[in-house]
Each structure stands twice: as structure tokens, then as C-alpha cells.
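J.: Let me see the structure of the following:
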Amino acid sequence: MELTCSFRDLMASSDSSCDRQWEYDVFLSFRGIDTGKTFTDHLYTALEENRFYAFKDLEKHEKGEEIAPEFLTAIEESKISILVFSKNYASSRWCLAELVTIIDRMKEPGRMVIPVFYHVDPSEVRNQTGTYGEAFLSHERDAGEEKKETVKRWRAALREASNLVGWHLEDQIRVRAYRRNYHRCSSKIELLEKVLMIGICGTSGIGKTTITKAIYNKISYHFSSTIFARGHELNGPRFQQLLNDESSLGTHGKTKNKRILLVVDDVYRLNQVGYLVELRDLFIPGSRIIFTTSNRHLLNVAKVDEPHEVIELTHEESIQLFSWHAFKQTSPKKDYVHLVNHAIQYVQGHPLALKVLGSFLLGKMQTEWKCILPDHTKKTHGAIYNVLKVSFDGLSLTEKEIFLDVARILKWKDEESVSTILGCLGLDSTSGVQVLHDKCLATISNNKLHMHDLLQEVAQEIIHENNPQELGQRKGSRDPKHVYP
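T.: Predicted coordinates for the structure are as follows:
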């Protein structure tokens, strides 16, 4: 099991100043009815086979809100806690009480907490939507003041846990595709005692960011300081302050005996590449600079040590990713296999298009699929654009307006600003943004609204092709730029 592969690094890289002897290597927190005899059982077996001593009780009854004393002791005596978030995890008060206890002890020296998102999206856990939202409606029903405070602690613990570095099924599907290239250089990335610059290129939406984050999560434990930034932030005041804080630049510009891991996503200008080349001369041996770009020429300009190009998903990987969004499982429903193969042939292994098309087809009948899916024998170079445009066409008028506003000016704005701006335009931000998220047309990360560059290009093309009356002219011809707070 892939999850166990990183544990040796995690165990070795934990706080060496903590001399505590742990009774258990791992504590498993899970919902028994969801994963007790499936995923969690397999994980426990894999841990044992890799000589990790784990605490797990498949027979636990999860009754009430009070954790049994033996479970409290096991949490206290475990070095690593793995939280297996499944569809019904939040409906168990026992599981939520375990979670609060684990999060409360997380900051103690030597401890680690790793979330695993099993058939749930991290955003559902973070924002308590979907089955998590339904569970909390039940918890809050007829709750007294004391119970309300407990529910607040549960919500806060879920938000904190969902922001931790963890494992998500969808990420692993996409990362496995890249390993066909990545495995050739992974040992060099981790071990070579020189400043190494790695460039990762590929078309928009192919999965560069997902893959780079996975690499960052895998190797970050080997470095004294780590920085994850975006290309447009380079050389700006915020990035400069972060660089100074993390790398402790000395009077001569060199870093003070700190091996740095710098990952920069979406480099698109020559001056950004030039700045990274300058930083390479400042970092000490053993440091790493990894950047992504859609422009292969920039890899040559930077003279990277390890150039890599992200390739499309294989047919099998495409089916898994598409099925995850279309059926909420990793394989197609029996009656839909031929339609799924049709969709896969049309999209040709492009992850973003697979996600968007799968999310759009979720819950639709076969007859609707046949009307929506084009004849792949007539496909053009605009196939990916057509897939993304189909999802836009399926939005309501209000949702279309919000989609276009996000693309024009709301990208990377915090949720409060988005809500204020859209409210001034007479648009319901809460339900509208949630619909965009559910259809994989926008995401919320660290309280900021994000839209993929490829989707932004689609929005700009739509604005260019259509006049405001066709899209639904805003009331009073208001523009989001005019109400920016």
C-alpha cells in the first residue's frame, strides 16, 4: 500500500530532540461501518507487514461521545495518528471526539497527524458539506449550550485536520501517472549534494500542480526550510520576506547552512526564470529548486539539471479519475462502461477535462450522456475547450455570471471579499460558489477562491464570443471592478 511507503521517512524525520518511547507507531481513527473491514483493515495489514506497530480495534462500537479509557491511552502513546475520513465519519460522535483529542495533542513534540480522504473530497471535510454537512445538521438538532460548544470544537478540528498534508484518492491517481517519469530522478532529487534545479512542463490542466505538491510533500522532510510559491509572487515583497524568514540570508547573500526546498508553481516569464537562476547561486549544496511551466523553452533558458514533461493519463488512470467524479467510485457502473470509454477517447487523458466532464455527468441518465457526449470521430483540437464549455452551458444564469466574475477579477480573493462583491451585484455567492466547486469549475484553498488557468481562458473566450445580453446582462450594468471593497 502506497501510504506506508512514506512512513519510514516520516518516522526518521520527526523531532529528533524528543527521546520519548512510544507504545504504538500508529493510531488509526476510522468509522468502522465504512472502512473497518475494507480499507482500514488493509491499511493495518500493510502497516504490520512493514513492521509498524499500530493500534486498531475493528470491533469498537463507537457508542456515545465519551472515548473509552483504552482509546485515550492509545492516542496518548501513539507517535502517528492516521485519520481515515470516510462518508460517515462525521456522523459518529465517538470518531469526532477521537479527532478533537488527536488534534489537541498534535503540537506536542514528536507527534504527527496524517489525514486520508477515503471517497470524500477534502473540501467536504473542511467546509462540512455533503454527508459531513448532513451529519452536523443532526448533531445540532435540539442541542443545548454545552452540546453547541462541543459541536464547535468538532468543526474546528475537522477544518484543521483537512488542511494537513495527507492522502487523497484523486491525487494518487494523477501522481501515479507522473511516476513513469518521476521515478528516474527521485533519488537525485532527494540525495544529490548539490543545488539541483528541476523543471516540470506540460500543457494547462495536465496535472503539474498536483504532481509538484505531491513531490513537495514527499521530500520536504529532508530540508531545513521549505517554500511553496507561485510564479507571479517571485521577487515581490511578500516572497522576499518569506525567503528571508525561511532561508536566513546572510550579509553576503548566501543562506546560513540551511538546505532549502523552493517550489514555484506556474513560471511563465523570462525574468522569473532569471530570478530563480540567481537564487540557485545563493543556496547551499543539497538545496532544491523545483518549478512548473507551460513553456518548454523556459526549461532551456534556466538550464535545469532535470527537465521533465508531464504526460497524459493512461486509459486505466483516466477511467479511475473520470469514474471518481462521475460515479463517486473508481470504476464505471456496469451499464455505463461503453459511454465512459467514449468520453475517455474524446478527452484523451487530460485530467482537468476528465474532472469537469465527470462532475457534469454525475447523476445523469444514459440518454443524457448520449446527448452530451460528442462523436469522438469528429473531434477537433478544441475537444478540451468543448468539454469545459459543456459544463458552463449546464449552469444556471446566476451561476454563469458568478463563473465569469471569478474568471475576470475574483480569482485568489478571500471568501469574505467574494461574498461582498457578489452581494453588491445581487448574486448569491454561497450557493453559486458551491455549485462551481461541486462541478470542479472553481476551488477554495486556504480561504481563497481559485480557478484553473485553463478554465479562466474558457471564460475569457466565452466573454469574447458572446454579448452581455446573451449571457444575461447584469442588473444596472454593474461590473465587479466597480464594487471591489
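
J.: What is the three-state secondary structure of Pro307?
T.: Under DSSP: H, G, I helix; E, B strand; the rest coil, Pro307 falls in the strand class.

J.: State the number of residues packed around the nearest residue to Lys194 once chain neighbours are set aside.
T.: Closest residue to Lys194 apart from its sequence neighbours, by CB to CB, 6 or more residues apart in numbering: Pro285 at 5.3 Å. (C-beta placed from N, C-alpha, C; glycine too.) Neighbours of Pro285 under the rule other CB atoms under 10 Å: 10.

J.: mind checking the SS state of Pro285?
T.: Under three-state DSSP, Pro285 falls in the coil class.

J.: That one and Leu196: what is the separation?
T.: Pro285 is 9 Å from Leu196, where distance means CB to CB, to the nearest Å.

J.: Next: Asp393.
T.: Note on Asp393: its distance to Leu196, by CB to CB, is 46 Å.

J.: what separates the residue nearest to Lys194 from Thr226, distance-wise?
T.: 17 Å.

J.: One more: Thr203?
T.: Separation of Thr203 from Thr226 (CB to CB): 27 Å.

J.: Ok, Leu373 next?
T.: From Leu373 over to Thr226 (counting by CB to CB), the distance is 43 Å.

J.: which stretches of the stretch 351-485 of the chain form helices?
T.: Assigned by DSSP state H, counting those that start in this stretch, the stretch 351-485 of the chain shows helices spanning 351-361, 366-372, 383-393, 397-405, 415-424, 429-438, 453-465, 468-471.

J.: Looking at Thr203 and Thr226, which has the bigger crowd around it?
T.: Neighbours were counted for Thr203 and for Thr226 using other CB under 10 Å; Thr226 has more, 18 against 15.

J.: Which is the succeeding secondary structure element to the top helix by length along the chain?
T.: Longest helix in the chain, counting residues (DSSP state H): helix 145-162. Later in the chain than helix 145-162, the nearest helix or strand by DSSP states H and E is strand 167-168.

J.: and Gln456, how many neighbours does it have?
T.: When neighbours are counted by other CB under 10 Å, Gln456 registers 16.

J.: For it, which residues are in contact?
T.: By CB atoms under 8 Å, 6 or more residues apart in numbering, the contact set of Gln456 is Ala407, Lys411.

J.: Looking at Asp393 and Leu196, which is more packed in?
T.: Between Asp393 and Leu196, Leu196 has the larger neighbour count (other CB under 10 Å), namely 22 against 11.

J.: tell me the pLDDT at that one?
T.: Predicted confidence (pLDDT) for Leu196: 87.

J.: Got phi/psi on it?
T.: When read as degrees, to the nearest 10, the backbone of Leu196 gives phi -110, psi 130.

J.: Okay, now the sheet partners of the lengthiest strand in the chain, with direction.
T.: The longest strand of the chain (DSSP state E) is strand 78-85. Applying DSSP bridges, strand 78-85 is found paired with strand 24-29 (parallel), strand 112-117 (parallel).

J.: after that strand, next one along is what?
T.: Moving toward the C-terminus from strand 78-85, the next helix or strand (DSSP H and E) is helix 93-105.

J.: Quickly note the distance from Lys87 to Gln329.
T.: Relative to Gln329, and taking CB to CB, Lys87 is found at 12 Å.

J.: scratch that, Gln272 is what I was asking about
T.: According to CB to CB, Gln272 stands 41 Å off from Gln329.

J.: The two: who's more crowded?
T.: More crowded of Gln272 and Gln329, by other CB under 10 Å: Gln272, with 21 against 12.

J.: quick one on the thing from earlier: pLDDT wise, what is the residue nearest to Lys194 at?
T.: For Pro285, the model assigns a pLDDT of 86.

J.: So it is in contact with Val195, correct?
T.: Yes. Counting by CB atoms under 8 Å, Val195 is a contact partner of Pro285 at 6.1 Å.

J.: still on that earlier bit, which other helices and strands contact the longest helix of the chain?
T.: With contacts taken as 3 or more CB pairs under 8 Å, 6 or more residues apart in numbering; DSSP states H and E, helix 145-162 sits against strand 78-85, helix 93-105, strand 112-117, helix 122-127, helix 131-140.

J.: Could I get the average pLDDT for the second one?
T.: Helix 93-105 carries an average pLDDT of 92.

J.: buried sites along that helix?
T.: For helix 93-105, the neighbour count (16 or more other CB atoms under 10 Å) marks Arg93, Trp94, Cys95, Leu96, Ala97, Glu98, Leu99, Val100, Thr101, Ile102, Ile103 as buried.

J.: Leu83 is in contact with the fourth one, correct?
T.: What it means is Leu96. No. Using CB under 8 Å, Leu96 is not in contact with Leu83, being 10.8 Å away.

J.: how far does stretch 331-341 stretch from start to finish?
T.: Stretch 331-341 stretches 11 Å from its first residue to its last (CA to CA, to the nearest Å).

J.: contacting residues around it?
T.: Residues outside stretch 331-341 that contact it (CB under 8 Å, 6+ apart) are Ile319, Gln320, Phe322, Ser323, Ala326, Phe327, Gln366, Trp369, Lys370, Leu373.

J.: how about the fifth one, what does it touch?
T.: Think Ala326. By CB under 8 Å, 6+ apart, the contact set of Ala326 is Pro332, Tyr336, Val340, Leu357, Gly358, Ser359, Leu361, Leu362.

J.: Filter those residues down to the buried ones, PyMOL style.
T.: PyMOL command restricting the contacts of Ala326 to the buried ones, with burial defined by 16+ other CB under 10 Å:
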select buried, resi 332+336+340+357+358+359+361
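
J.: Now do the buried residues in stretch 448-459.
T.: Residues Leu449, His450, Met451, His452, Asp453, Leu454, Leu455, Gln456, Val458, Ala459 are the ones in stretch 448-459 that count as buried (16+ other CB under 10 Å).
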